[in-house]
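Peer 1: prediction below, plus the sequence it came from.
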Amino acid sequence: MRIAFVTPFFPLKGGIARFSGLLRDALLDRGYDVVPVAFKALYPDFLSQGAVDADPASDPVFPDEVRLVLYNPFSWFGTIRSIRSLHPDILLVAYWTGVLAPFYYVLRRLTGVKMVVLLHNLSAHESFFFDPFMSRLLSAFADGFVTLSKSVFQEVSAAMPEIPVLPLFHPIYEPERDIPSRHDARSALHLGGEAPVLLFFGYVRFYKGLDLLLRAMPEILQRDPALRLIVAGQFFDPLEKYKRLIEQLGIDGSVDLYPGYVSRKRTAIFYAAADAVVLPYRSATQSGVLQLAYGYGVPVIVTPAGSLPEMVRHGETGWVASDCSPEGVADAVGKFLDLRKDPLPLRSAIETFRQDFSWEAFASAAGNFLEAEVFLR
């Protein structure tokens, strides 16, 4: 079965590009002929804040045949001609925002090839006025859906009950580099060896709730004044807003900010130094940050937003806050602090969880679903 996989790939930044590369490899390992159809760009430069991964250990140059630019409709038709010449059995396309819908609609109509939509989100976390229309447009080009969480599965099943849906999960991100020792990682970040360290990692947007975590910090520091919070990631909200909040709360000495895109080497350092990763999200479907934490064997503390609780075995692989508030986050961090002195049960539970949510299991189920769409319908 030949699969044309239309999605961002490396060297574009972000979790979806990384997800796509790992899924492509897992499908290839199962014997499928996967043809990557990569986006050269999704948004204009002034909106993307540097979309190409500049990791010096990688080659950020796109091959000459990669010409697809989402915001340039003239690039669509050359890509569609190229896809038609490949004679794929099925199209697998990544979807997480309504901006993609017009291109996929044209792609489906001009190729006539069945299309399965890998649905990261049905609607964007930070929606635009046209998102409801774009979501409805999905039913005009989708022949099937693969979802990464129960909440998205339920949402799309209710909205488009006539279209087959395969509910799956977000697999674990295994570390791509050697993991430094805890001592070396903390030395690199100028941290003490024994103080508990919390990590907020990834893009900083309003829905990810960094402000909730910062407002929880005074109460958390009452439990353990030595605790440190690391914030590492690219700010899409104004950085100065968070600096002012940190100053107003009087927690300057307990919060370390590392704004900007985080290279793979630095990612390994941050996770190796952390005792727990905190995801204080206001809304969520799934999270690559959470799966990356499990890949490094680090427990998580999440809010009960969207599908995040589905991926946490409360008290075993992490903790789920009672609500999406500073008080709820502080209470959940307090439960973590009560148990952090004996991390072995946590590490063991996370290792079991990693085996249950592998890329091999995801590719097997997704491949069977794609075959059914091609050969049985």
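Peer 2: Yep, it's here. The structure displayed is predicted, hence computed values, not measured ones.
Peer 1: which strand is the longest one in the protein?
Peer 2: strand 33-41 (DSSP state E).
Peer 1: report the strands that pair with it, each with its relative direction.
Peer 2: If you go by DSSP bridges, strand 33-41 pairs up with strand 2-7 (parallel), strand 68-69 (parallel).
Peer 1: for Gly253, which of these is the nearest?
Peer 2: Between Gly253 and the strands paired with strand 33-41, the tightest spacing by Cβ to Cβ is seen for strand 2-7, at 42.8 Å. All C-beta atoms are positioned from the backbone trio N, CA, C, and that covers glycine.
Peer 1: give me the residues contacting the closest one.
Peer 2: 16-17, 20, 23-24, 27, 32-39, 83, 86-94, 104, 107, 113, 118, 370 (Cβ atoms under 8 Å, 6 or more residues apart in numbering).
Peer 1: related to what we said a few turns ago, and the longest strand of the chain, what's its mean pLDDT?
Peer 2: Averaged over strand 33-41, pLDDT sits at 93.
Peer 1: going forward can the numbers begin at 17, since that is how I track them
Peer 2: Renumbered: residue one is now 17, and that last one reads strand 49-57.
Peer 1: quick one: buried residues of it?
Peer 2: Using 16 or more other Cβ atoms under 10 Å as the test for burial, strand 49-57 gives 50-51, 53-57.
Peer 1: closest one to Thr163 out of those, please.
Peer 2: Val50 (20.1 Å).
Peer 1: who does Val162 form a beta bridge with?
Peer 2: With DSSP bridges as the rule, Val162 is bridged to Leu134, Leu182.
Peer 1: okay, the residue nearest to Glu332 when sequence neighbours are not counted: pLDDT?
Peer 2: Of all residues not flanking Glu332 in the chain, Ala365 sits nearest, at 3.9 Å (Cβ to Cβ, 6 or more residues apart in numbering). We have a pLDDT of 85 for Ala365.
Peer 1: quickly find the element holding Ala365.
Peer 2: Secondary structure assignment for Ala365, by DSSP states H and E: helix 360-372.
Peer 1: which outside residues touch that helix?
Peer 2: 188, 310-311, 313-315, 329, 332-333, 355.
Peer 1: among those residues, which are in helices?
Peer 2: Among the contacts of helix 360-372, the ones falling in helices (DSSP state H) are 310-311, 355.
Peer 1: by neighbours, which of these wins?
Peer 2: Tyr310 (25 neighbours; other Cβ atoms under 10 Å).
Peer 1: in the protein, which helix is the longest?
Peer 2: As assigned by DSSP H, the longest helix anywhere in the chain is helix 375-391.
Peer 1: can you pull the buried residues of that helix?
Peer 2: Buried residues in helix 375-391 (16+ other Cβ under 10 Å): 375, 378-379, 382-383, 385-386, 389-390.
Peer 1: how about stretch 177-189?
Peer 2: Buried residues in stretch 177-189 (16+ other Cβ under 10 Å): 179-189.
Peer 1: and those as JSON lines, adding distance to Leu245 and pLDDT?
Peer 2: Formatted as JSON lines, those follow (distance: Cβ to Cβ, whole Å; pLDDT from 0 to 100):
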{"residue": "Ile179", "distance to Leu245": "43", "pLDDT": "94"}
{"residue": "Pro180", "distance to Leu245": "44", "pLDDT": "95"}
{"residue": "Val181", "distance to Leu245": "39", "pLDDT": "96"}
{"residue": "Leu182", "distance to Leu245": "38", "pLDDT": "96"}
{"residue": "Pro183", "distance to Leu245": "35", "pLDDT": "94"}
{"residue": "Leu184", "distance to Leu245": "33", "pLDDT": "94"}
{"residue": "Phe185", "distance to Leu245": "29", "pLDDT": "90"}
{"residue": "His186", "distance to Leu245": "25", "pLDDT": "89"}
{"residue": "Pro187", "distance to Leu245": "28", "pLDDT": "91"}
{"residue": "Ile188", "distance to Leu245": "24", "pLDDT": "88"}
{"residue": "Tyr189", "distance to Leu245": "22", "pLDDT": "86"}
